[in-house]
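**Q** The following comprises the amino acid sequence and a computationally predicted model.
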Amino acid sequence: MKPSILIVDDDEVMQESLYDVLKKGEYEVYSVGSGSETLSVIKKNIIDLILLDMRLPDWDGLELLKKVKEFDTEILVIIMTAYSDVQTAVSAMKSGAYHYINKPFDLEELKLLIEKGLERKSLINEVRRLHRQQNEGNQKSQIFGTTSQIHYIKELIGMVSKTNKTSVLIQGESGTGKELAANAIHYNSKRANKPLMKINCSAIPDSLLESELFGYEKGAFTDAKATKKGLFELADGGTVFLDEIGDMKPFLQSKILRVIENQSFMRVGGEREIKVDVRIVAATNKDLESLVREGLFRKDLYYRLKVMVVEMPSLRERGEDILLLSNLFIEEINREYGKNINGLTDDAKKIMVQYPWPGNVRELKNVIERAMILTEQPYITPKQLPFELRQKEGYDLKAVELNPFEISEMMPLEALEKIHLSNVLKKLEWNKSKASKILGISRATLRAKVKKYHLSDN
């Protein structure tokens with residue numbers, strides 16, 4: 001995106017001259033002749049730098065400067081002033097102007113002043129971006145837990161982070177926090193101030209994944225209107241996180257292996273090698289060793305990735321952390337939704353601890369969020385927890401009676417759905433085509449629900 005400059009001068013000749021000169025550079029240029037127009041332009045457009053004449057027909061230059069700074073302190077202002085107004089220019093700098101230049105001035109001197117100002121602003125913005133990235137990274141890379149499994153994971157990540165290029169393979173069930181571990185490895189390493197680029201290998205079609213990873217040259221295919229950098233190029237100096245790498249096709253696996261071994265690749269349609277300095281962190285919930293035996297995953301890539309392996313434990317293996325994580329999620333969602341939930345009741349805690357959590361930490365967070373949306377009370381009770389967690393309280397779907405007159409006020413929605421489906425199917429003598437139309441669902445969905453609720457026409 002081009003830096004934008006606003007020229008503010010009521011001298012039309014000066015306006016046009018500056019506009020023509022700056023337009024030839026890599027700038028987006030606007031020009032106005034009054035203070036009121038200035039305020040209008042900065043409210044409608046993102047302006048990086050203003051060239052401000054101190055004498056305008058409707059505003060005093062110092063007052064306009066203050067108004068500009070009140071609106072956006074990040075806008076750089078260079079004062080253009082006559083020799084007789086040097087003292088005013090000094091006052092303007094005390095009020096927040098970046099610099100001043102005396103009229104008449106040399107255009108090359110002005111261009112140099114503009115370049116230095118924009119470079120300074122770019123540097124400040126980059127420092128702020130890095131601080132922001134570091135803070136966000138610290139938040140996104142914290143792994144909470146007190147169990148021995150989590151202590152081990154933290155120690156292992158600490159050791160892995162100290163290495164610079166060692167490839168890492170993170171394994172574990174879905175929802176165990178593999179991406180969190182990847183964040184921790186990156187943000188605790190010497191690469192923390194460089195990009196962390198992520199891609200889910202199972203979420204992007206094979207035809208697009210190659211160009212997303214390696215980029216492409218202009219004209220490489222029909223829609224390649226311009227050259228595009230891929231993730232590896234954008235991550236230079238940092239880390240590439242390949243999530244669900246077990247779903248990657250073998251032809252791409254060979255290219256990933258090349259990047260690990262040579263730190264180089266070619267864009268799609270390219271003919272030259274591009275050198276990069278990246279660390280690869282991969283994650284999967286699949287058994288890569290089995291995929292290697294089946295010929296679905298390259299053996300050589302598998303061994304290059306598993307130099308360091310981080311095994312993320314399931315939530316059921318770290319049951320002592322369930323309530324700790326629940327409380328952390330309650331605090332987080334309280335802040336996000338402006339709620340004031342104090343925690344879980346004893347009965348709710350008992351249910352949470354007994355549940356096996358097949359979806360792991362991700363499922364736990366979703367359950368807490370849902371419960372907090374549903375309750376206006378100071379504590380989450382069993383009533384706000386999903387049916388699958390409360391089955392041990394006496395609601396077993398297989399045991400639900402199919403009598404429409406025995407619907408309880410406190411009956412779970414799924415039990416009610418089972419009764420309704422059964423009644424509709426019986427009335428239609430199990431004509432599933434008619435039933436799906438009346439219920440407003442597809443036949444496939446109806447079949448799935450019949451199977452789920454163990455319904456039959458007996």
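**A** Ah, there it is.
**Q** quick one: the residue nearest the centre of the chain from Arg370, how far?
**A** Closest to where the C-alpha atoms of the chain average out (C-alpha atoms, centre = their mean) is Lys198, at 9.1 Å. Separation of Lys198 from Arg370 (C-beta to C-beta, to the nearest Å): 26 Å. C-beta here means a position set from N, CA and C on the backbone, and glycine is covered the same way.
**Q** Okay, and Ala226 sits in which element?
**A** Assessed by DSSP states H and E, Ala226 sits outside every helix and strand.
**Q** Setting aside sequence neighbours, what's the nearest residue to it?
**A** Lys218 (5.3 Å; C-beta to C-beta, 6 or more residues apart in numbering).
**Q** pretty sure Met248 contacts Leu242?
**A** Yes. With contact defined as C-beta atoms under 8 Å, Met248 counts as touching Leu242 (7.4 Å).
**Q** Pretty sure the residue nearest to the centre of the chain sits against Asn183.
**A** No. Judged on C-beta under 8 Å, Lys198 makes no contact with Asn183 at a distance of 9.2 Å.
**Q** The stretch 251-400 of the chain: strands as residue ranges?
**A** Shown for the stretch 251-400 of the chain, the strands assigned by DSSP state E, counting those that start in this stretch span residues 264-265, 274-275, 279-284, 308-311, 343-344, 379-380.
**Q** what's the neighbour count on the closest residue to Leu56 other than its chain neighbours?
**A** Excluding the flanking residues, the one nearest Leu56 by C-beta to C-beta, 6+ apart is Gly35, at 5.2 Å. By other C-beta atoms under 10 Å, the residues close to Gly35 number 22.
**Q** what's the overlap in contacts for Met248 and Leu242?
**A** Common neighbours of Met248 and Leu242, using C-beta atoms under 8 Å, 6 or more residues apart in numbering, are Cys201, Ile256.
**Q** before we move on, what SS does the residue nearest to Ala226 have?
**A** coil (DSSP: H, G, I helix; E, B strand; the rest coil).
**Q** State the distance from it to Gln354.
**A** For Lys218, the distance to Gln354 equals 59 Å [C-beta to C-beta].
**Q** do the same with Glu417
**A** Distance, Glu417 to Gln354, by C-beta to C-beta: 25 Å.
**Q** if we can go back for a sec, so what's the residue nearest to the centre of the chain up against?
**A** By C-beta under 8 Å, 6+ apart, the residues touching Lys198 are Glu179, Ala182, Val240, Phe241, Asp243.
**Q** show me where pLDDT drops low in the stretch 251-400 of the chain?
**A** Scanning the stretch 251-400 of the chain for pLDDT under 70 picks out 392-400.
**Q** which residue ranges form the helices in it?
**A** With DSSP state H, counting those that start in this stretch, the ranges of helices along the stretch 251-400 of the chain come out as 288-293, 299-305, 322-337, 346-354, 360-374, 387-390.
**Q** elements contacting the last one?
**A** Applying 3 or more C-beta pairs under 8 Å, 6 or more residues apart in numbering; DSSP states H and E, one finds that helix 387-390 contacts helix 346-354, helix 413-427.
**Q** TSV please, covering those helices and showing mean neighbour count and distance to Ala224.
**A** What follows is the helices and strands packed on helix 387-390, written out as TSV (neighbours: other C-beta atoms under 10 Å; distance: least, C-beta to C-beta, whole Å):
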stretch	mean neighbour count	distance to Ala224
helix 346-354	16	51
helix 413-427	16	50
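**Q** mind giving me CSV with those helices and columns for distance to Ile101?
**A** Shown next, in CSV, are the helices and strands packed on helix 387-390 (distance: least, C-beta to C-beta, whole Å):
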stretch, distance to Ile101
helix 346-354, 67
helix 413-427, 71
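**Q** among these, which is nearest Arg304?
**A** Of all these, it is helix 346-354 that lies closest to Arg304, at 40.6 Å by C-beta to C-beta.
**Q** Run a quick neighbour tally on His151.
**A** By the criterion of other C-beta under 10 Å, His151 has 12 neighbours.
**Q** Packed most tightly, which of the strands of the stretch 251-400 of the chain would that be?
**A** For those, the largest average neighbour count (mean count of other C-beta atoms under 10 Å) is found in strand 279-284, namely a mean of 26.
**Q** Give the burial count for the residue lying closest to Lys225 once chain neighbours are set aside, as a bare number.
**A** Among residues not flanking Lys225 along the chain, Lys218 sits closest, at 6.9 Å (C-beta to C-beta, 6+ apart). The tally of other residues near Lys218 (other C-beta under 10 Å) stands at 11.
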